[in-house]
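S.K.: Provided below for reference: sequence and predicted model.
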Number of protein chains: 2
Amino acid sequence: MLPQLDATHDPRLASWVASANGHPDFPIQNLPFGIVSAGGGARRAAVAIGEKALDLDAALAAGLFTGDEARAVEAMAGGALNGFLALGAGPRRALRARLSEILREGAPERGKAEPLLVDLESCRLHLPARIGDYTDFYVGIHHATNVGRQFRPDNPLLPNYKWVPIGYHGRASSIVPSGTPIRRPRGQIKGPDFAEPVFTASRRLDYELELGIWIGPGNDLGAPIPIGEADEHIAGYSLLNDWSARDIQAWEYQPLGPFLAKSFASTVSPWIVTPEALAPFRGPQPARPEGDPSPLPYLADTADQAGGALAIALEVHLLTPGLKEKGLAPQRLSRSDARHMYWTAAQIVAHHASGGCNLNPGDFLGTGTISGPDGTSTGSLLEASLGGNQPIRLESGEERSFLQDGDEVVLTARCARDGAAPIGFGECRGAILPAL
Amino acid sequence: MLPQLDATHDPRLASWVASANGHPDFPIQNLPFGIVSAGGGARRAAVAIGEKALDLDAALAAGLFTGDEARAVEAMAGGALNGFLALGAGPRRALRARLSEILREGAPERGKAEPLLVDLESCRLHLPARIGDYTDFYVGIHHATNVGRQFRPDNPLLPNYKWVPIGYHGRASSIVPSGTPIRRPRGQIKGPDFAEPVFTASRRLDYELELGIWIGPGNDLGAPIPIGEADEHIAGYSLLNDWSARDIQAWEYQPLGPFLAKSFASTVSPWIVTPEALAPFRGPQPARPEGDPSPLPYLADTADQAGGALAIALEVHLLTPGLKEKGLAPQRLSRSDARHMYWTAAQIVAHHASGGCNLNPGDFLGTGTISGPDGTSTGSLLEASLGGNQPIRLESGEERSFLQDGDEVVLTARCARDGAAPIGFGECRGAILPAL
């Protein structure tokens, strides 16, 4: 069942945490969960509020939670949220409602809670969960079209695209939290003009703008998740930068798909934005273009078609050494939206489990690159530079076809609509280190 | 460094565990490690010896180990061998040497050790380690050729095959130990004569005969493993059946590779056969055919080329309802050999880490299907039945193009050569349940 709007979404709500009011990412209507540590201390479960994080382990010890709320925080023990994700929507909603009470202006709990706040700036932000398996999908239809066009100008989308939510298994071990530097990979590369490949540093390093889905309770092996129940297994969302070495990919990917071109690193934003926080920004799945097939029954659900799309503005910003030198801000390269997903999150989950594959709490599913329909909304440099053939000109006078050493990529995600308090995801950031 | 032959390999060694002497899989020269439970009890680390398993946790408590041997067994705590795999070769070799002493005929430790034996037949055998990430390679060149020929008769191998150890990420959550029943998956299937796909039970369910490599210490993110050190990160081997739904695969796999066609289940044999046990069966990498490229420097190592190949006879046996009804034994469908790997295990490991991807203790790498050069040595039914066009005739009078419900597939692996005691891997077994 899709989450309903309730008192926690009221746009008039303000928090006694002053920095939360009007905060572009973490006002009191958001309340995303994560894992933080401060001063080299242990990892603690936390909720972000403005420029602060409330230490939930400490808040539990201070007696601020009872019942389902307490059960939710108890399940966050051990420096990872997997146990909490496993509990599903009930305890998560109870905790959200209670946090909204505790943190709102005038709350009698302020005296107990205020000493348990830590400055986000002084915190280290970790991956919010241990990721057992990571899968990356390909549901950004404009991305699939743009990339396909580079290979097959007349027929960019393969025949299965509008039937199958295309996905592939990714590498879980090399997923890192926002802020972790990214080492440019070396790999086998064969230029079109060379007879033999060489092993060298990638020269076509790229980002990919994606959303990621955190799995909640999940399913047993052999027991598919019906589309009507898929939302119950979605515990939240983060941003994902699926770094890609296009030259390694081009040589290695036939016939079994991308491998080392992706597995050197993927960056995730550290806060899990819940389905509850996103409830005001859901809407109907965009109408399929005339002639597109209807989803097969195992992917079709009336409620999902009516409310399964998410209006999330997604942006890519680039900060280069040249921009830094001139004192310029990170330059926005693109602005897209999660509404450009051809399949909903519920369809992704139901498809993944449809053959019996078991999804576990803390598994992470990338959507694939979410590009928009034109050149201002591309989710990768491969698209923005038309395969490297048309470099982007930056305000610093620099040009980029692909990423250079020292470049820093920042992805952001923000939701806004009339009558709702805007919320955001926080940053998904990574800077490129030179190859070894 | 490759393991050397020592007293533990002496073919004249016999054990006071009578069933070990002449045992086709687990004589005293093998000593593979695993995780067992008996009578619903806790998971315990164990070593297989003949028809028995020695409870290593109990043997540690009984004071049978000191120093590195004790450290090795202590690291096996918690019902999974990951901590032991992380220790690397030193403690593993010390434990092997000590177990060889304890279990050999005339050992004074017999009195202490004999009560700690359990019957393998009464044990439940679990996955030996928690698998963080699972990768499947494609290094069986005859398999790649056979499958490629079905699509491209004149040019079966793609241009990258002899340069790149081709691999892709697989699904870790659905790996199950030998004996677990396998539910036939449902999925999207589009027959060549149909305009649209349907969601239905797979009709082209297949096995794949593979070896699997268990990762030992592993590497940090961004720190590749040089080929000369790759063997130090291989903790052992098991058999792997990478069940495959060919009809789901054919429709879904472009452009990102196999996904739900594989992720419904993979079966692993429960014993980790160590590099030490396999030392007598190593030999030179088969000469590359005239005209094949030399491995690039990051994959080239003199010692690996001299001793990196493993002579392991691999067999597929099938037990059908019809064979059972007639009282017939499982029928051998094929006999192959791990020498047909185009790349060595060390090359697989070095390639996987070459771009900086981190491998962790307990990660599992499949070799890909290991077929031989002719029709008696195919590692899958897809090959044996020429894409389903030429069914196999069984001794029961039944025919098989692909697996039917109730069919049971048993993979075995055995090593033998003059002057060495033969050893084996135990079974990798799974029976097909009807689709839901």
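M.R.: Arrived safely, thanks for sending. Numbers count the residues shown, from 1 in each chain, chains lettered A, B, ... in the order given.

S.K.: domains of chain A?
M.R.: A:7-125, A:134-433 (automatic domain parsing).

S.K.: First-to-last residue distance for the shortest one?
M.R.: Taking CA to CA, to the nearest Å, domain A:7-125 runs 29 Å from one end to the other.

S.K.: So is it next to chain B?
M.R.: No: Domain A:7-125 is not in contact with chain B by CB under 8 Å from any CB of the partner chain; minimum separation 13.1 Å. Every residue, glycine included, has its C-beta placed from N, CA and C.

S.K.: just checking, A:T376 touches A:R332?
M.R.: No: applying CB atoms under 8 Å as the test, A:T376 and A:R332 come out as separate, 9.4 Å apart.

S.K.: Looking at the domains of chain A, which is nearest to B:S238?
M.R.: Judged by CB to CB, the one of those that comes nearest to B:S238 is domain A:134-433, at 19.1 Å.

S.K.: on that earlier part again, now the domains of chain A in JSON lines, with mean neighbour count and mean pLDDT?
M.R.: Below are these laid out as JSON lines (neighbours: other CB atoms under 10 Å in any protein chain shown; pLDDT from 0 to 100):
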{"stretch": "domain A:7-125", "mean neighbour count": "19", "mean pLDDT": "97"}
{"stretch": "domain A:134-433", "mean neighbour count": "21", "mean pLDDT": "97"}
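
S.K.: would you list these in a markdown table and tack on distance to B:P224?
M.R.: Supplementary listing: the domains of chain A in a markdown table, determined by distance: least, CB to CB, whole Å:
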| stretch | distance to B:P224 |
| --- | --- |
| domain A:7-125 | 26 |
| domain A:134-433 | 8 |
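
S.K.: and B:R12, which of the ones you listed is closest to it?
M.R.: domain A:134-433 (43.9 Å).

S.K.: how far does the closest one stretch from start to finish?
M.R.: Domain A:134-433 end-to-end distance (CA to CA) = 24 Å.

S.K.: just stretch A:162-179 next, same as before
M.R.: By CA to CA, the extent of stretch A:162-179 from end to end equals 36 Å.

S.K.: ok, so what distance separates A:E74 from chain B?
M.R.: Per CB to the nearest CB, to the nearest Å, A:E74 is found 22 Å from chain B.

S.K.: so that residue touches A:D57, yeah?
M.R.: No: taking CB under 8 Å as the definition, A:E74 is not a contact partner of A:D57, at 9.3 Å.

S.K.: What backbone torsions are found at A:G212?
M.R.: The phi/psi pair for A:G212 (degrees, to the nearest 10) reads phi -120, psi 150.

S.K.: no wait, A:A86
M.R.: phi -70, psi -20.

S.K.: for the nearest residue to it once chain neighbours are set aside, what are its contacts?
M.R.: In space, and not counting its chain neighbours, A:A86 is closest to A:P361: 3.7 Å by CB to CB, 6 or more residues apart in numbering or on different chains. Residues near A:P361 by CB atoms under 8 Å, 6 or more residues apart in numbering or on different chains: A:82-83, A:85-86, A:129, A:215-218, A:235.

S.K.: show me the residues around A:V139 that make contact.
M.R.: Contacts of A:V139 by CB under 8 Å, 6+ apart are A:165-166, A:341-343, A:348, A:367-368, A:370.

S.K.: would you turn these into a markdown table with secondary structure?
M.R.: As requested, the contacts of A:V139 are exported to a markdown table (DSSP: H, G, I helix; E, B strand; the rest coil):
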| residue | secondary structure |
| --- | --- |
| A:P165 | coil |
| A:I166 | coil |
| A:M341 | strand |
| A:Y342 | coil |
| A:W343 | coil |
| A:I348 | helix |
| A:T367 | coil |
| A:G368 | coil |
| A:I370 | coil |
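
S.K.: Between the contacts of A:P361, which sits nearest chain B?
M.R.: Chain B has its nearest neighbour among these in A:G218, at 8.7 Å by CB to the nearest CB.

S.K.: which residues touch the closest one?
M.R.: Here A:G218 is in contact with A:86, A:233, A:358-361, A:363 (CB under 8 Å, 6+ apart).

S.K.: ok, so what distance separates the closest residue to it other than its chain neighbours from B:W343?
M.R.: Of all residues not flanking A:G218 in the chain, A:L359 sits nearest, at 4.1 Å (CB to CB, 6+ apart). Per CB to CB, to the nearest Å, A:L359 is found 32 Å from B:W343.

S.K.: do A:S37 as well
M.R.: Distance of A:S37 to B:W343, computed by CB to CB: 41 Å.
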